[in-house]
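Student: Turn this into a model:
(chains A, B and C)
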Amino acid sequence: MWEMPSRTDMDDRDQSGEGPSNSVILEGRNIQVVYHSGERAVAAVEDFSIRIREGEFVGLVGESGCGKSTAALALLGLVRPPGKVVQGMVLYRGEDLLRKLESQLRMIRGSDIGLVVQNPNSALNPLLTIGTQIANVYRDHHPVSKSVALKRVASVLKGMGIDDVRRWMNSYPHQLSGGMAQRVLIAMATINEPKLLVADEPTTGLDVTVQGQILDLIQSRVQETGSAVLLVTHDLGIVAHYCDRVVVMLSGRIIEEAQVQVLFSMPRHPYTKKLVASSLEQARATHHIPTAGFHRPQPP
Amino acid sequence: MPPSATSVSRIIHRAWRGTPLGLGIVIMCSSLGLAVFGPVIAPYDPQIPVSAAAEPPPRLRDLAPLILKSLQGRLANPVHWFGTDDSGLDIFSRVIAAPRVDVLIALAATGLSLGAGTLLGLIAGYYSNWMTEALTRASDVIQSFPLFILAMVLVALTGRNVGNIIVTLAVLFIPVYLRLTRAQVLSERTRNYVEAARATGNRELVIALRHVLPNSLAPSLIQAPITIGAAILQTAGISFVGAGVRPPTPEWGIMIASSANSIILGEWWPSVFPGLAISLTVLGYALVGNALENRYG
Amino acid sequence: MQLFVYILRRLLTVAVQVASILLAIFFLIRMLPADPVARLVGSFATPEIYAHTKAALHLDKPLLTQLAIYLGLFPRAVGPGLLQGDLGRSWVTSSPVSQEIWQFLPITLELITLSFVVACVLAIPMGILAALKPNGLLDRGVFSFSLFAGAQPDFWWGLIFIYFFYFVWRLAPAPLGHLAPLTVAPPVVTGFPLLDALLTGRPDVSLEALHHLMLPVVTMAFIVSGPIVKMVRQNVIRALQSNYILYARACGLSQFHIAAYTFRNAFAPTLTIIAVLYGYMWGGAVLVEQVFSLGGLGQYALRSILAFDYPAIQGVVLTITIGSLLIYLAMDILHSVADPRIVNSR
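Tutor: This is a model prediction of the structure:
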């Protein structure tokens, strides 16, 4: 079931034909995020650099409070006061996102880069139907009428495997369970077929049974849209299962970065070693064999 | 070394944040002090007219020498700092004697409604049966009616004395504290420590009083200064229209009422100073309440 | 359909609440120590006159009988009552209470409505602007104002305004009524002087009425704007900092949509404060009407209370209760239309 990737698989993925550096879609360089509380300033993220290539599935992993969510939000320019990005750049298509105006970022967010967050129910506007909200995300990036947008929403939801699409679209957020709401966010984040999907702890807080479904859904969606994924999580098991590459953070810094199978077979940093060891323990306890390779549905 | 720009702005920032509370506390303490000592330190008897009627307060340019002279004890009669009203009563004396009525009523009414309201709210929130439902509904009905008119009716018909005003206002403010406490109790009673207390064999009543109540008091305590201010306004209001305290008791509301007619004739001082007193005092309590809300709300 | 059921249920609740308040007031005023008979007959009346008056006012009968009479359960024996739409006669003027209320109510409604509209027109934009830059200069100024305004005695400010605008600057008319003493009131069409003057071709009287309402409206609007600004600011800030607005920005929603989301979500909780303020304004109206001698329901209520005129008191309480509760109901309906969580919860 779990296959070791062959050389040819990896070649297939690098389809641009050009060298690896050209298929990088987003690059963060030396990002530093500082939080001001009163008169003290705490560096939540320091010297954070990352490269995400087309179609790549990258995992950003670390314990709670290590700054991984902050780093991911910084890449989108969404760090809120009292936090502030004091240093670094985020290169997208050769331009630094951190220096752009809000009006320019508005065009990129939601269409080139999508976001899925924790606590999906609170991320949805409680007063509007799901259909309207997803349609708005589509309409603000494509000049179409409301009915055309709603049709598109319906087809996306259907493609995600949802049966009673009409009932979903007329529902309000408070009528949805956590898993359902998260599916809505995934639809919203990917309806414009972004180049990159940032998923910040998308399954934390959801039922264990639902977690796998959501992640599988993310995986199949990005297969369709060809998006790269930056998955932020504290669960090494998820990373092992879904990611190509892993970035490990500790106390605001990146301490290790490697292809998934390399990280699991040969962790170098002592912290990573502990992480891997404990996730193996956990997996053994729950009879879930972690993967030394990874499982990826073969592209058609 | 000259202070740098950042340290100056930091000082201003701190002053801005701390000043309202400081001011509020000063006003609050002054009102309490006057409530106790006001009638004692007043230069004239607040209820006996001895002076010329309708005398305006001293002019601004005469103020400084007058203050000096009065401190040196060189004046035959004390100065009418706020002038006198149509009956010859010294307004300054009456203004500083009034807190004993206004502030006292407000404090007593707030204290009573806080005490009764929180207890009732505890019961309404902790035990859920038809009786507590009825209690909550009754409380809502009282709250839905215009406070002022109900206060007028109750005070006018029970007898216009200080005691009745206190009880009336207390009763009318109970629903506020009942609702606040009940809401807090409803969320507290599902917490773990309640389970734990139950598991160690405590009776329900003990749990409610010893554990849940102290944790449910915060919103009510934050609300208290606001209620004190509201009570002062209500007292002054019903006294102004003649349904409250009886003259010649010094009270800010009736002081304004008795001179309301003369303001058309240009006699501003009998009405302005009591009103300023009300305005400042209520503002002081509002500032304290606001600071509490920012800190603990 | 669900909305309809909701409205029906609420109307029923309102009916119950009105009934309970009426009953409460009815019994309450009769159980308090006040003696309306003594007030009416004076201190020199003989015991016979006293007893006669007491019987005429039905105050010698048991409480429940008095209630039955008031409700109109013995129409043939005693006369019509509440169930026949009769509110009784004032013990002071002997005019029908309902007639007197009809006479005075519109003036108060004009005062309250105008004051409220003026307050909203000023306060709502202020609150929104302040919320857009929290802790900015405008925000701090606006917040200080709201704290200040909410602590003011309205009757005192009425007098201050009279002093400056009438006595010093001669900009406002003398506070002697809702029209100048010598002006003939317009014939009654709707009962609202402002409208009636317009409808009967006397726009000058309409203007004069507005002129006389100027200071009272400013006084009330000043006080009421405090809580309105505070609430609007708070709700807009809360909406702006909410998770769904942050996520909407993350999805690149247009400014139009973000603004629409924010305001729509801030609007709903603002409705409840409007209802609460409306209840407050009835009390404020009594004071302001008294200061400016406007001759509205507030003054009527005051006169009735001081004279122990029980039918009038009951009539006024009934009117105000129904008015306030209907406003609450309207706000609740608007709220449930705006917020689907209320009616639709599974």
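Student: what's the closest non-adjacent residue to residue C:211?
Tutor: Using Cβ to Cβ, 6 or more residues apart in numbering or on different chains and skipping residues adjacent in sequence, the residue nearest residue C:211 is residue C:173, 5.7 Å away. From N, CA and C alone the C-beta is placed, and that goes for glycine too.
Student: Oops, could you answer that again for residue C:120 instead?
Tutor: Using Cβ to Cβ, 6+ apart, the closest residue to residue C:120 is residue C:228 (6.4 Å).
Student: How much space separates the one you found from residue C:285?
Tutor: 17 Å (Cβ to Cβ, to the nearest Å).
Student: Neighbour count for the two, which is higher?
Tutor: Set side by side, residue C:228 and residue C:285 show more neighbours around residue C:285, with 29 against 25, by other Cβ atoms under 10 Å in any protein chain shown.
Student: residues contacting the more buried one?
Tutor: Contacts for residue C:285 were tallied using Cβ atoms under 8 Å, 6 or more residues apart in numbering or on different chains; they are C:108, C:111, C:112, C:220, C:296, C:297, C:298.
Student: For it, what is the enclosing helix or strand?
Tutor: In this structure, residue C:285 is located in helix C:255-292 according to DSSP states H and E.
Student: that older thread, does anything pack onto the helix or strand encompassing the residue nearest to residue C:120? Which helices or strands?
Tutor: Using DSSP H and E, residue C:228 maps to helix C:203-240. When contacts are defined as 3 or more Cβ pairs under 8 Å, 6 or more residues apart in numbering or on different chains; DSSP states H and E, helix C:203-240 packs onto helix C:97-132, helix C:137-149, helix C:154-161, helix C:193-199, helix C:255-292.
Student: To what extent is the residue of chain B found nearest chain C buried, counted in neighbours?
Tutor: Nearest residue of chain B to chain C: residue B:148, at 2.6 Å (Cβ to the nearest Cβ). By other Cβ under 10 Å, the residues close to residue B:148 number 26.
Student: Not counting its neighbours along the chain, what's nearest it?
Tutor: residue C:283 (2.6 Å).
Student: Run a quick neighbour tally on the one you found.
Tutor: Residue C:283 has 25 nearby residues by other Cβ under 10 Å.
Student: surely it meets residue B:149?
Tutor: Yes - if you go by Cβ atoms under 8 Å, residue C:283 and residue B:149 touch, sitting 5.8 Å apart.
Student: Secondary structure element for the closest residue to residue C:35 other than its chain neighbours, which one?
Tutor: Leaving aside its chain neighbours, residue C:35 sits nearest to residue C:308 (7.4 Å; criterion: Cβ to Cβ, 6+ apart). Residue C:308 is located outside every helix and strand, with elements delineated by DSSP H and E.
Student: Give me the neighbour count for the residue lying closest to residue C:127 once chain neighbours are set aside.
Tutor: Nearest residue to residue C:127 in three dimensions, chain neighbours excluded: residue C:232, at 2.9 Å (Cβ to Cβ, 6+ apart). The number of residues packed near residue C:232 is 27, by other Cβ under 10 Å.
Student: Which other helices and strands does whichever helix or strand comes after the helix holding residue C:228 contact?
Tutor: Sequence order places helix C:243-250 as the next helix or strand after helix C:203-240, per DSSP H and E. Here helix C:243-250 touches helix C:255-292, going by 3+ Cβ pairs under 8 Å, 6+ apart.
Student: mind listing the helices for chain B?
Tutor: B:5-41, B:60-72, B:91-97, B:99-126, B:130-144, B:147-158, B:162-188, B:192-199, B:204-206, B:213-216, B:218-240, B:252-258, B:269-296 (DSSP state H).
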